[in-house]
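Asks: Sequence isn't available, so here's the structure alone:
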């Protein structure tokens, strides 16, 4: 399989904006290197980003935007009101879907009113019941955060604000699928995504690194069974995505599967475009922006004031990274039976786990992609027989 820069579609699937690198809690598995920095993206930077995006025509009839890579709610509501004025000024002709990924500590009535007024989608990071959550998600003074977040989750329910939950799975989590599932059920949490504890950025080790695949398989199976017993009341991202991928692949030709026409945004230039608070930008996995490795000083491919987005493809750092990514994807296509379902994996996990983008399997793809796919394939086959 051969790919080059020119043959890959360049529409933006996701725009990631870092309103601030600062975070008000201190999770043990956090990958962000600059989370003590309280700087805020200036409105001048945001406007320049909008100008460049408008001129680039890299978007279609909608733009999916997430405020992330720091705790966005540490920035005042007044800032976001001005930010949305700028966004709507430049993109009044398209649909903008705004998302905030938050630890939930700072949610209050004012934030709820703002969320409702601007139709913002909210993701809350919470790792299940308190005895699991408070192992890793602590305040700067190493105090538990679960109680405060749960109070604010109840406020979201009271205000009729829909939200999804991201739960990070650690070695400890795998022992308690029933407790985790019942936590969602008891707290009326209907949409859940599992993130494994990753070796990424400043988090150099994961508690899952020595966990056997059968343990994650068992966890997912128990979650599926519990949810089936409750008429699939809760939507789990991993299962829904796996089934969607399986269904899509049924309609692909052999050639399409080899070329992987449904190529992931994670390995497509501009597919995911990330900007830090200074206007530095990157692409591929959002976790790359702000990170460094032994082999790469950084993954910044330009600055919005110095390098128009159209120049990114000529950036030497980008070219080296992308060349390695393509090499790794090609190797996945040749060696991995999951390639038609996956498309070559997440670049950030390859570089942080394997020290090179030009590599194949990672713990992330084994636990987050292959395990749910295997389970769903097995269950679907059982239903057909």
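Replies: Yep, it's here. Because the structure is a prediction, the values reported are computed rather than measured. Numbers count the residues shown, from 1 in each chain.
Asks: Tell me where the protein has strands.
Replies: For the chain, strands defined by DSSP state E occupy the ranges 14-17, 62-67, 95-102, 121-125, 163-169, 191-196, 235-236, 272-275, 280-283, 302-303.
Asks: Reformat those as a markdown table; add distance to residue 220.
Replies: Glycine gets a C-beta too; all of them are placed from N, C-alpha and C. Formatted as a markdown table, the strands of the chain follow (distance: least, CB to CB, whole Å):
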| stretch | distance to residue 220 |
| --- | --- |
| strand 14-17 | 25 |
| strand 62-67 | 26 |
| strand 95-102 | 23 |
| strand 121-125 | 20 |
| strand 163-169 | 10 |
| strand 191-196 | 8 |
| strand 235-236 | 9 |
| strand 272-275 | 26 |
| strand 280-283 | 31 |
| strand 302-303 | 40 |
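Asks: closest to residue 145 out of the ones you listed?
Replies: Closest approach to residue 145 among those is made by strand 121-125 (9.8 Å; CB to CB).
Asks: what's the angle between the closest one and strand 191-196?
Replies: 50 degrees (axes from the mean of the first three to the mean of the last three CA atoms, to 10 degrees).
Asks: which ones are touching the most centrally placed residue in the chain?
Replies: Nearest to the geometric centre of the chain sits residue 286, at 7.4 Å (CA atoms, centre = their mean). Applying CB atoms under 8 Å, 6 or more residues apart in numbering to residue 286 gives the contacts 14, 16, 68, 69, 272, 274.
Asks: Model confidence for the last one, exactly?
Replies: Translated: residue 274. Note for residue 274: predicted pLDDT of 97.
Asks: Report the contact partners of it.
Replies: 16, 17, 18, 69, 281, 282, 283, 286, 288, 289.
Asks: and which of these is nearest residue 381?
Replies: residue 286 (34.6 Å).
Asks: in the longest helix belonging to the chain, what's buried?
Replies: Taking DSSP state H as the criterion, the chain has its longest helix at helix 316-335. Of the residues in helix 316-335, 317-318, 321-322, 324-326, 328-333 count as buried by neighbour count, 16 or more other CB atoms under 10 Å.
Asks: Those residues: which two are farthest apart?
Replies: 317 and 333 (24.9 Å).
Asks: And the contacts of stretch 86-102?
Replies: 43, 46-47, 50-51, 53-54, 59-68, 71-73, 84, 115, 118-125, 166.
Asks: Below-threshold pLDDT in this structure: ranges please.
Replies: 1-10, 250-263, 383-385 (pLDDT under 70).
Asks: if we go to 80?
Replies: 1-10, 248-264, 340-341, 380-385 (pLDDT under 80).
Asks: now the helices for the stretch 251-385 of the chain?
Replies: Assigned by DSSP state H, counting those that start in this stretch, the helices in the stretch 251-385 of the chain fall at 254-259, 316-335, 339-342, 347-354, 363-364, 371-384.
Asks: closest one to residue 300 among those helices?
Replies: Nearest to residue 300, of these and by CB to CB, is helix 316-335 at 7.2 Å.
Asks: Would you pull up how far the closest one lies from the middle of the chain?
Replies: Centroid displacement of helix 316-335 relative to its chain, using CA atoms, centre = their mean, to the nearest Å, is 21 Å.
Asks: ok, now stretch 297-307?
Replies: On the basis of CA atoms, centre = their mean, stretch 297-307 sits 21 Å off its chain's mean C-alpha point.
Asks: and what of stretch 159-174?
Replies: That offset, for stretch 159-174, works out to 13 Å (CA atoms, centre = their mean).
Asks: Same check on stretch 362-376?
Replies: Its chain's average C-alpha position is 16 Å from that of stretch 362-376, according to CA atoms, centre = their mean.
Asks: residues in contact with it?
Replies: 169, 194-196, 198-199, 206, 208-209, 213, 216-217, 220-221, 224, 238-239, 241-243, 245-246, 338, 341-342, 345-346, 349-350, 353-354.
Asks: Now, of these, which are buried?
Replies: The buried subset of the contacts of stretch 362-376 (16+ other CB under 10 Å) comprises 169, 194-196, 198-199, 206, 208, 216-217, 220, 224, 238-239, 241-243, 245, 338, 341-342, 345-346, 349-350, 353-354.
Asks: on that earlier part again, next, format the helices of the stretch 251-385 of the chain as TSV and append distance to residue 157.
Replies: As requested, the helices of the stretch 251-385 of the chain are exported to TSV (distance: least, CB to CB, whole Å):
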stretch	distance to residue 157
helix 254-259	43
helix 316-335	42
helix 339-342	36
helix 347-354	34
helix 363-364	32
helix 371-384	28
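Asks: Residue 138: which of those is closest?
Replies: Among the helices of the stretch 251-385 of the chain, the nearest to residue 138 by CB to CB is helix 347-354 (23.1 Å).
Asks: The closest one packs against which elements?
Replies: helix 316-335, helix 363-364 (3 or more CB pairs under 8 Å, 6 or more residues apart in numbering; DSSP states H and E).
Asks: Export those helices as JSON lines, with columns for distance to residue 106.
Replies: What follows is the helices and strands packed on helix 347-354, written out as JSON lines (distance: least, CB to CB, whole Å):
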{"stretch": "helix 316-335", "distance to residue 106": "35"}
{"stretch": "helix 363-364", "distance to residue 106": "29"}
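Asks: Figure out which of those helices is closest to residue 181.
Replies: Using CB to CB, those put helix 363-364 closest to residue 181, at 22.7 Å.
Asks: rewinding a little: any chance of a ChimeraX selection covering the buried ones in the contacts of stretch 86-102?
Replies: To isolate the buried ones among the contacts of stretch 86-102 in ChimeraX, judged by 16+ other CB under 10 Å, type:
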select :46,47,50,53,59,63,64,65,66,67,68,71,72,73,84,115,120,121,122,123,124,125,166
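Asks: where do the helices sit along the stretch 101-250 of the chain?
Replies: Here the stretch 101-250 of the chain has its helices, by DSSP H, counting those that start in this stretch, at 109-117, 130-136, 146-158, 177-186, 213-229, 237-249.
Asks: what about these, which gets the closest to residue 28?
Replies: Nearest to residue 28 among the helices of the stretch 101-250 of the chain is helix 130-136 (4.4 Å), distances taken as CB to CB.
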